[in-house]
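[1] The sequence isn't on hand, but the structure is:
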């Protein structure tokens, strides 16, 4: 049985360079109608950046929506028309100052299916060299190194509690175990 | 160094029973000002519901924001003032028809820190008995069983690609391995 909901009418409630809020009138599988509010998002990438010593590049960053700082993996939004790998390379350089010789696509996951169409694509970056970061205006963060076992412990302790970072770090751990 | 951003002015751009969109004028760590758009969300719970045979209860559900169906763990939004465990018990019963004797809190993770304050709390439910579901109006889904090893394979294959479900299933797997 298909549970597909069909759009009857689309209304853009709000639109900026950052966020688009939509409210659609939809028909449901039983023929009734309802409304669905959701965010349109350009999508993002996240990077598991593994140094030659095995440590991962992490960031401490304040997130206004949550009103606190988080320990995160490097990540950022896709610019219009930008290929995913290019976004990953650009964001890693901007935020951490590193370039990488070896890029591996890991997976794409939907961030928040209840009210957003955002997809996050995860890459593993290896062969890292420091070149010097260039943060966007109004972007402030601190880069630090963390081993994968420590990162998993931080997840267990709730010290890393950003879903994007949990998905990326658990995925990397599983990926490396599968390679063995 | 603190990267805290302070609110100078809060504007509610849109508000419904489902979603609140805010735009704040904020001061940044370097003293400059900027704006931050974000969603206020009541928070949610997700349930790793493990049957006596070891299988997990999963759901196939259409998500309008993403325009497709997903394979997900049971989850739902917190009603105003509702304790987390009560939300978990209510959502599990409503969506799957099961009640559970044994509840274990696993973790709380932030769903989407770039533009939402939504936190999702994860519970493990065991000692399950079927009582009969009662879906909310306008809610359509199919419940099925899946083993944890199969669920992990589905994550690797991208067949489970909803971040909330990936976080929950990886977390459960890690939790069970730590218990050994």
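    The structure has been received and is ready for your questions. These numbers come from a predicted model, not from an experiment.

[2] Residue A:154 against residue A:147, yeah?
    No. Using C-beta atoms under 8 Å, residue A:154 and residue A:147 do not qualify as a contacting pair, with a distance of 10.2 Å. C-beta: built from backbone N, CA, C; applies to glycine.

[3] Neighbour count for the two, which is higher?
    Comparing residue A:154 with residue A:147 by neighbour count (other C-beta atoms under 10 Å in any protein chain shown), the higher total belongs to residue A:154, at 18 against 13.

[4] How is chain A partitioned into domains?
    A:6-40, A:44-179 (automatic domain parsing).

[5] Kindly compare burial across those domains and name the winner.
    With neighbours defined as mean count of other C-beta atoms under 10 Å in any protein chain shown, the domains of chain A peak in mean count at domain A:44-179, which reaches a mean of 18.

[6] how close does residue A:103 get to residue A:128?
    Residue A:103 is 11 Å from residue A:128, where distance means C-beta to C-beta, to the nearest Å.

[7] wait, does the longest helix seen in chain A contact chain B?
    Across chain A, the longest stretch assigned as helix under DSSP state H is helix A:163-179. Yes. Contact between helix A:163-179 and chain B is present through A:163, A:164, A:166, A:167, A:170, A:171, A:174, A:178 (criterion: C-beta under 8 Å from any C-beta of the partner chain).

[8] Lowest pLDDT pick from those?
    In terms of pLDDT, residue A:178 ranks lowest among the residues of helix A:163-179 next to chain B, with 93.

[9] What sits closest to that residue if chain neighbours are left out?
    Across the structure, with C-beta to C-beta, 6 or more residues apart in numbering or on different chains as the measure, the residue nearest residue A:178 apart from its sequence neighbours is residue B:156 (7.3 Å).

[10] and if you look at residue A:136?
    Going by C-beta to C-beta, 6+ apart, residue A:136 has residue A:94 as its nearest residue, at 6.5 Å.

[11] which ones are touching the one you found?
    A:76, A:133, A:134, A:135, A:136, A:139 (C-beta atoms under 8 Å, 6 or more residues apart in numbering or on different chains).

[12] which ones are touching residue A:100?
    Residue A:100 is in contact with A:49, A:89, A:92, A:125, A:126, A:127, A:128, A:129, counting by C-beta under 8 Å, 6+ apart.

[13] Kindly reformat these as JSON lines containing pLDDT and secondary structure.
    Converted to JSON lines, the contacts of residue A:100 look like this (pLDDT from 0 to 100; DSSP: H, G, I helix; E, B strand; the rest coil):
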{"residue": "A:49", "pLDDT": "98", "secondary structure": "strand"}
{"residue": "A:89", "pLDDT": "97", "secondary structure": "helix"}
{"residue": "A:92", "pLDDT": "96", "secondary structure": "helix"}
{"residue": "A:125", "pLDDT": "98", "secondary structure": "strand"}
{"residue": "A:126", "pLDDT": "98", "secondary structure": "strand"}
{"residue": "A:127", "pLDDT": "98", "secondary structure": "strand"}
{"residue": "A:128", "pLDDT": "98", "secondary structure": "strand"}
{"residue": "A:129", "pLDDT": "97", "secondary structure": "strand"}
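
[14] Any chance of JSON lines for those residues, columns distance to residue B:83?
    Output for the contacts of residue A:100, formatted as JSON lines (distance: C-beta to C-beta, whole Å):
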{"residue": "A:49", "distance to residue B:83": "40"}
{"residue": "A:89", "distance to residue B:83": "45"}
{"residue": "A:92", "distance to residue B:83": "41"}
{"residue": "A:125", "distance to residue B:83": "42"}
{"residue": "A:126", "distance to residue B:83": "45"}
{"residue": "A:127", "distance to residue B:83": "49"}
{"residue": "A:128", "distance to residue B:83": "45"}
{"residue": "A:129", "distance to residue B:83": "51"}
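
[15] Tell me the one among the residues you listed nearest to chain B.
    For chain B, the nearest member of the contacts of residue A:100 is residue A:92. The distance, counting by C-beta to the nearest C-beta, is 16.9 Å.

[16] wait, isn't the closest one in contact with residue A:48?
    No. Counting by C-beta under 8 Å, residue A:92 does not reach residue A:48; the two are 10.2 Å apart.

[17] which neighbours do these two share?
    Taking C-beta under 8 Å, 6+ apart as the contact rule, residue A:92 and residue A:48 both touch residue A:125.

[18] Could you list the low-pLDDT ranges of chain A?
    Counting by pLDDT under 70, the ranges of chain A that qualify are A:133.

[19] In it, which residue sits furthest out from the middle?
    When each C-alpha in chain A is compared with the mean C-alpha position (C-alpha atoms, centre = their mean), residue A:31 comes out farthest, at 35.8 Å.

[20] Okay, that one and residue A:6: tell me how far apart.
    Applying C-beta to C-beta, the value for residue A:31 to residue A:6 is 11 Å.

[21] Next: residue A:150.
    Distance from residue A:150 to residue A:6, counting by C-beta to C-beta: 48 Å.

[22] distance between the ends of stretch A:52-71?
    21 Å (C-alpha to C-alpha, to the nearest Å).

[23] how about it, does it get close to chain B?
    Yes. For stretch A:52-71, a contact with chain B is found by C-beta under 8 Å from any C-beta, at A:60, A:61, A:62, A:63, A:64, A:65, A:66, A:67, A:69, A:70.
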